[in-house]
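Asks: What follows is a predicted protein model with its sequence.
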Amino acid sequence: MTDCVTVVVTCYNHEQYIEECLRSVFSQTHQDIALIVINVGSTDTSAAVIEQVLTDCPFQSVQFIDKENEGVCVTRNMGLELLKDDFILFLDSDNFLEPNYIETMLVAIINENADIVYCDLIDTETGEVISKAEPYTIKTHLHHNFIDNCSLIRKKAIGSERYDLALNRKKLEDYDFFLNLIINHGAKPVPVKGTVLNYRLLENSVSDRKNHKKQIDAYTYVMLKYSAQYPDEVKASMDDQYFYLLDQTQHVEEQLFSRFLEVQTQIQIVNEQNQVILDLKQRVQDLEQHVADQDQLIRAYQERKAVKWGDLFAKLVHRETKRR
């Protein structure tokens, strides 16, 4: 066995994060690393940033693959096919490692004779723990996922297993992958203290996690795969998750209804303002009509006055003519 760790970094449109991610790998205290960077159809400048940053790569073994986006399961399976070392670590390009990350994980996986080691996830913005590395039980793991894809995995535990393509471009592909290794192949998972994964909560990933239908469909598919081995645990877990998702759905509906009322109030205010504007326009039209009427009266008066003065002048002229 060697202590070389293959790190597979996958990137899609993360031009603003990929450099920090890669340099966090470069700065590891454990330097026996084979680096594979896979850019999956990024439409921004990610590929150019990767090529530039890799010029500073300190590792002898480095590969950069620029390919179309075929989904995360296909990309992860490509990484597994390229694996030549005894350990592998997948790293998403919007996250980054602590300097002691790989060394701490490697020491734990060897000392504990483990197959999978995992740690806490820390929000990069707040420093808060967003996923706790809980002590492992299959019951807890079937209830909720706490093993991130950026866990260190022993190649021997993976064997010929690959990510389930039925979950490609869906959800929970990593959850299913680890459950498969543990339930069907006896992989030993162990939580690790002493390091953390810096995890970035991006708006699009948060929105995707709130896609409840997508979540339910993927969760049901995953649970049914392991229901034969753990029927009671799966049933209890699915009951809890469905009640949770139902509560979340109701919460969303309440938020939507509240927003609807706000919009209705805004519409009423706008309608009232529009009515005020219409009333003002009508008043302006009335005033304009009044002015026009007054002008007409003035002109009529002036015309009558002009006629009277004309008649009077004509009478005076006639009178003077008779005198002569």
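Replies: Cool, the structure landed.
Asks: contacts, neighbours, all on C-alpha from now
Replies: OK.
Asks: pLDDT wise, what is the nearest residue to Tyr175 once chain neighbours are set aside at?
Replies: For Tyr175, the nearest residue in space outside its immediate sequence neighbours is Asn145; the separation is 6.3 Å by C-alpha to C-alpha, 6 or more residues apart in numbering. Model confidence at Asn145, expressed as pLDDT, equals 94.
Asks: Can you find which strand in the chain contains the most residues?
Replies: Taking residue count as the measure and DSSP state E as the definition, the longest strand of the chain comes out as strand 189-199.
Asks: and that strand, what other elements does it pack with?
Replies: Using 3 or more C-alpha pairs under 8 Å, 6 or more residues apart in numbering; DSSP states H and E as the contact criterion, the neighbours of strand 189-199 among helices and strands are strand 96-97, helix 101-111, strand 116-123.
Asks: give me the beta-bridge partners of Ile122?
Replies: In this structure, Ile122 has the following beta-bridge partners (DSSP bridges): Val129, Asn198.
Asks: Give me the below-cutoff pLDDT ranges for the stretch 101-250 of the chain.
Replies: Where the stretch 101-250 of the chain drops to pLDDT under 70, the residues are 204-212, 244-250.
Asks: can you pull out the helices in it?
Replies: 101-111, 138-143, 155-158, 173-179, 185, 203-209, 212-225, 231-323 (DSSP state H, counting those that start in this stretch).
Asks: any idea how far Lys139 is from Asp123?
Replies: Relative to Lys139, Asp123 is positioned 26 Å away (criterion: C-alpha to C-alpha, to the nearest Å).
Asks: ditto for Met78
Replies: With distances defined as C-alpha to C-alpha, the gap from Met78 to Lys139 amounts to 31 Å.
Asks: residues near Glu68, how many?
Replies: Look at Glu68: counted by other C-alpha atoms under 10 Å, it has 13 neighbours.
Asks: scratch that, Thr43
Replies: Taking other C-alpha under 10 Å as the neighbour definition, Thr43 ends up with a count of 11.
Asks: Okay, and the closest residue to it other than its chain neighbours sits in which element?
Replies: Sequence neighbours aside, Asn13 is the residue nearest to Thr43 in space, at 6.2 Å (criterion: C-alpha to C-alpha, 6+ apart). Per DSSP states H and E, Asn13 falls between elements, in no helix or strand.
Asks: OK, contacts around Asn13?
Replies: Asn13 makes contact with 42-46, according to C-alpha atoms under 8 Å, 6 or more residues apart in numbering.
Asks: closest one to Phe59 among the helices and strands packed on strand 189-199?
Replies: Among those, the nearest to Phe59 by C-alpha to C-alpha is helix 101-111 (14.4 Å).
Asks: Any buried residues in that closest one, and which?
Replies: Neighbour counts using 16 or more other C-alpha atoms under 10 Å place 101-106, 108-109 of helix 101-111 among the buried residues.
Asks: for those residues, which one is nearest Phe177?
Replies: Taking the buried residues of helix 101-111 together and measuring to Phe177 by C-alpha to C-alpha, the closest member is Ile109, at 18.3 Å.
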